[in-house]
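Chemist: no sequence on hand, only this structure:
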């Protein structure tokens, strides 16, 4: 068996339904799992908004935080992915495969954001040596613990599970400029928030704290970090395909569908070269 290579640009979108299938789970189970995660994410977001409003805080501020924006992204992704997976399990074809190519590309790009940005959020919150965001002395209430674990730890858990439970292959490198553009767009949102509402969403964006040069270091550091993280996650996807299709021996043209292995003509985003 030869090496994998990227499929041609003019090839059909996801011809073996990698976005809607799993090496492990039945497609109905995968659909239900994705919808359940979506329900949890939406419930957490709505409860957090209600709690903030009840506490007298401006709940609208939450939409200025990258953490919350990415969590809304997770909620909607799992809702859409669950819908497409259920449709595929029920009718044998996902609506995504009939959509215009631009929407197919956007769905693929959407996948890249939800397996990438949660790790960025988690890393910045928990691993920063100066504890810029993470609480210095633990959480003060059960709500604080649940809320922060949900959006700053479980977000990455959802990303890991989506990577390994789905058959999606490595993301195309063309996604990197778009991901950088998204981050630049958020930077604009953060400073618009400061101009209109008078606060910085994250202290490390405040030039009065460490100076403009330090802010620039943080911004460019995150941009470089996202590129490195993208390469790592692409590698993880390659390892996933190698493990299931080479080590475990699952035929690359098969996946779990309706309780049995279903054969397909092409292995999706990748095809083997003799």
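Modeler: Received it, and whenever you're ready, just let me know what you need. The structure displayed is predicted, hence computed values, not measured ones.

Chemist: where does the stretch 1-150 of the chain dip in pLDDT?
Modeler: 1-11, 128-138 (pLDDT under 70).

Chemist: tell me which residues of stretch 201-212 come out buried.
Modeler: 201, 204, 205, 206 (16 or more other C-beta atoms under 10 Å). Any C-beta I mention is one placed from the backbone N, CA and C, and that applies to glycine too.

Chemist: that should have said stretch 90-108, apologies.
Modeler: Residues of stretch 90-108 classed as buried under the neighbour-count rule (16+ other C-beta under 10 Å) are 94, 96, 97, 104, 105, 107, 108.

Chemist: that one: end-to-end distance?
Modeler: Taking C-alpha to C-alpha, to the nearest Å as the measure, stretch 90-108 stretches 22 Å from start to finish.

Chemist: filter the buried residues of stretch 201-212 down to the ones in strands?
Modeler: Here DSSP state E is the test, and these give no hits in strands at all.

Chemist: hmm, residue 169 and residue 23 touching each other?
Modeler: No - Residue 23 lies out of contact with residue 169 (C-beta atoms under 8 Å); the separation is 12.0 Å.

Chemist: tell me the spacing between residue 126 and residue 199.
Modeler: For residue 126, the distance to residue 199 (C-beta to C-beta, to the nearest Å) stands at 23 Å.

Chemist: repeat for residue 32
Modeler: 40 Å.

Chemist: which of these two has more neighbours?
Modeler: residue 32 (16 against 13; other C-beta atoms under 10 Å).

Chemist: disregarding flanking residues, what is the spatial nearest neighbour of the residue nearest the centre of the chain?
Modeler: Centroid check for the chain by C-alpha atoms, centre = their mean gives residue 114 as the closest residue, at 0.9 Å. Of all residues not flanking residue 114 in the chain, residue 77 sits nearest, at 4.7 Å (C-beta to C-beta, 6 or more residues apart in numbering).
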